[in-house]
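>>> predicted structure and sequence below. I'll ask about it afterward.
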Amino acid sequence: MRNLSNDLQLRREQSMYRQRLINESPAGVEVTVDGKNFISFCSNDYLGLANDQALRDACKAGIDQYGVGSGASQLISGYQTPHHDLECALADFLRRPRALLFSTGYMANLGVVSALMKKGDHVFEDRLNHASLIDGARLCDADLHRYSHNSSESLLTLQNNFSANESLTISDAVFSMDGDLADIPGLVKCSSTNNSTLMIDDAHGIGVLGKQGRGTLSHFNIDDVQANKQVPILVGTFGKAFGTFGAFVAGSEELIETLVQSARSLIYTTAPPAAIAVATLESLNLIRSQNWRREQLHARIVQLQSGLSQLGIKHNGNISAIQPVITGSAAAATRLSEQLRQRGIIISAIRPPTVPENTSRLRITLSALHTEQHIEQLLSALDELDVASGQVVEV
């Protein structure tokens with residue numbers, strides 16, 4: 001075996017060493033770590049549902065009726081009534097013929113790509129796609145082509161070279177590290193021109209964007225009939241705006257049945273607990289009905305961006321809950337994260353290979369439960385640390 005100690009030491013020297021915090025409290029905007037209280041700006045609990053009492057009650061009721069584990073994979077005996085009910089409700093919410101549950105978003109993406117693509121096919125992906133999308137293409141026998149970030153021109157050039165082959169075009173809807181939105185109308189046009197199937201992972205958009213939180217396609221006013229035809233494969237997760245755990249793929253009857261038959265990450269893993277499906281169904285009801293959560297989240301986004309501008313700190317002006325402050329070097333990101341923690345604020349330093357070299361950052365994520373005072377405290381700390389004078393560059 002290679003010398004692991006040397007590898008770990010090198011990571012430390014390069015400011016790439018990662019450590020887990022032990023969070024002693026429920027997910028939320030105020031957390032306790034090592035007995036100390038902090039404001040957290042690094043959770044994906046965008047709507048503040050992860051510790052919501054209605055979801056807690058629903059999960060408890062699910063446990064009382066179904067226990068704490070499903071006991072088997074979905075194709076054996078682990079597919080229970082709450083799983084089916086949630087899939088039907090999701091399909092109705094997203095206005096798709098069918099939906100299919102997966103244990104994680106990572107497994108959903110691996111499952112879709114490996115089930116649909118084979119040797120000789122081509123997969124086109126945005127260069128900044130989530131790791132699960134890249135890994136899904138790498139693990140199948142299809143040829144992977146990565147186009148320049150959010151560039152329809154770059155994508156079209158690649159697609160034109162392989163237009164005679166079966167192909168799949170894949171993009172995040174909201175990019176997880178930059179928070180910017182994909183040019184979905186442009187992706188639709190390119191894919192339609194070259195007869196390439198379009199797959200969108202809306203992990204960070206569903207619940208947050210669009211009418212009733214239906215996601216990024218709704219934000220771009222792509223109606224239901226168009227969406228099913230132009231974006232045949234839609235992926236989403238529950239561990240973010242939904243506040244629970246798991247993931248789904250939504251699409252046609254034929255797509256879902258193909259995944260049931262062929263997606264190895266579905267077939268060969270234990271089904272999620274039914275109690276989680278019960279809680280997620282309650283979460284879906286709240287997402288549809290409680291628009292105030294999205295309104296409050298948007299207000300905090302506007303407040304943060306306005307404050308950053310006043311401090312002279314550059315931001316990319318995106319409308320998502322992900323608001324990065326680019327530091328450049330990994331050392332600068334790590335140092336700034338530690339300095340903020342000393343001031344009662346937790347924000348993770350994101351470094352390569354998660355992001356490209358020289359684009360390390362503080363990945364600020366906002367929640368509907370953040371208050372104006374929370375934002376002011378963060379801005380005050382950034383001002384005190386004189387972040388604006390550092391090597392902050394735009395993405």
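Cool, the structure landed.
>>> pop the domain breakdown of the chain in here.
Split into domains by automatic domain parsing, the chain comes to 14-43+291-389, 53-289.
>>> residue 2: which of those is closest?
Nearest of those to residue 2, taken as Cβ to Cβ: domain 14-43+291-389 at 16.8 Å. Placement of C-beta: from N, CA and C, glycine included.
>>> what is the distance between that closest one and the centre of its chain?
17 Å (Cα atoms, centre = their mean, to the nearest Å).
>>> residues near residue 93, how many?
19 (other Cβ atoms under 10 Å).
>>> and residue 125, by the same measure?
Residues lying near residue 125 (other Cβ under 10 Å) number 24.
>>> what sits opposite it in the beta ladder?
Taking DSSP bridges as the rule, residue 125 bridges to residue 146, residue 170.
>>> that one contacts residue 146, doesn't it?
Yes - between residue 125 and residue 146 there is a contact under Cβ atoms under 8 Å: 5.3 Å.
>>> common neighbours of the two, please.
Common neighbours of residue 125 and residue 146, counting by Cβ atoms under 8 Å, 6 or more residues apart in numbering, are residue 134.
>>> enumerate every residue touching the nearest residue to residue 143 once chain neighbours are set aside.
Leaving aside its sequence neighbours, residue 143 sits nearest to residue 122 (Cβ to Cβ, 6 or more residues apart in numbering; 5.1 Å). Neighbouring residues of residue 122 by Cβ under 8 Å, 6+ apart: 142, 143, 145, 162, 165, 166, 167, 168.
>>> got the contact list for the third one?
Okay, so that is residue 145. By Cβ under 8 Å, 6+ apart, the contact list for residue 145 reads 122, 123, 124, 125, 158, 162.
>>> hmm, try it at 6 Å
Residues near residue 145 by Cβ atoms under 6 Å, 6 or more residues apart in numbering: 124, 158.
>>> same check, this time on residue 322
179, 365 are the contacts of residue 322 under Cβ under 6 Å, 6+ apart.
>>> follow-up on the earlier one: ok, which of the domains of the chain comes nearest residue 4?
domain 14-43+291-389 (13.0 Å).
>>> I'd like the average pLDDT over the closest one.
The pLDDT scores in domain 14-43+291-389 average 93.
>>> before we move on, the earlier item: separation between the residue nearest to residue 143 and residue 303?
Remark: distance between residue 122 and residue 303 (Cβ to Cβ, to the nearest Å) = 44 Å.
>>> cool, and residue 218?
Residue 218 is 24 Å from residue 303, where distance means Cβ to Cβ.
>>> same question, residue 40
Counting by Cβ to Cβ - residue 40 and residue 303 are separated by 17 Å.
>>> what do you get for residue 386?
21 Å.
>>> neighbour count winner among these two?
With neighbours defined as other Cβ under 10 Å, residue 386 and residue 303 compare such that residue 303 has more, 18 against 10.
>>> that's a strand at the more buried one, yeah?
No - counting by DSSP: H, G, I helix; E, B strand; the rest coil, residue 303 is not part of a strand but helix.
>>> pretty sure it contacts residue 373?
No - taking contacts as Cβ atoms under 6 Å, residue 303 lies outside contact range of residue 373: 10.6 Å.
>>> buried deepest among the domains of the chain, which one?
Of the domains of the chain, the one with the most neighbours on average (mean count of other Cβ atoms under 10 Å) is domain 53-289, at a mean of 20.
>>> run the chain-centre distance for that one.
On the basis of Cα atoms, centre = their mean, domain 53-289 sits 10 Å off its chain's mean C-alpha point.
>>> span of that domain from start to end?
End-to-end span of domain 53-289 (Cα to Cα, to the nearest Å): 16 Å.
>>> so what secondary structure elements neighbour the helix or strand harbouring residue 335?
Using DSSP states H and E, residue 335 sits in helix 330-342. If contacts are counted by 3 or more Cβ pairs under 6 Å, 6 or more residues apart in numbering; DSSP states H and E, helix 330-342 sits against strand 349-350, strand 360-365.
>>> in a markdown table, list the ones you listed along with distance to residue 229.
A markdown table is the format used below for those (distance: least, Cβ to Cβ, whole Å):
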| stretch | distance to residue 229 |
| --- | --- |
| strand 349-350 | 36 |
| strand 360-365 | 33 |
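>>> now tabulate the domains of the chain in a markdown table and tack on distance to residue 7.
Output for the domains of the chain, formatted as a markdown table (distance: least, Cβ to Cβ, whole Å):
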| stretch | distance to residue 7 |
| --- | --- |
| domain 14-43+291-389 | 10 |
| domain 53-289 | 20 |
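>>> which one of these lies closest to residue 6?
Among the domains of the chain, domain 14-43+291-389 comes nearest to residue 6, with 12.5 Å by Cβ to Cβ.
>>> quick one: residue 328 and residue 314, what's the gap?
Separation of residue 328 from residue 314 (Cβ to Cβ): 12 Å.
>>> repeat for residue 169
Residue 169 is 31 Å from residue 314, where distance means Cβ to Cβ.
>>> quick check: residue 86 touching residue 276?
No - using Cβ under 6 Å, residue 86 is not in contact with residue 276, being 9.2 Å away.
>>> what sits against residue 59?
Here residue 59 is in contact with 275, 279 (Cβ under 6 Å, 6+ apart).
>>> again, only using 7 Å
275, 276, 278, 279 (Cβ atoms under 7 Å, 6 or more residues apart in numbering).
>>> with secondary structure added, can I get those residues in JSON lines?
Output for the contacts of residue 59, formatted as JSON lines (three-state DSSP):
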{"residue": "275", "secondary structure": "helix"}
{"residue": "276", "secondary structure": "helix"}
{"residue": "278", "secondary structure": "helix"}
{"residue": "279", "secondary structure": "helix"}
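>>> appreciated, that's everything.
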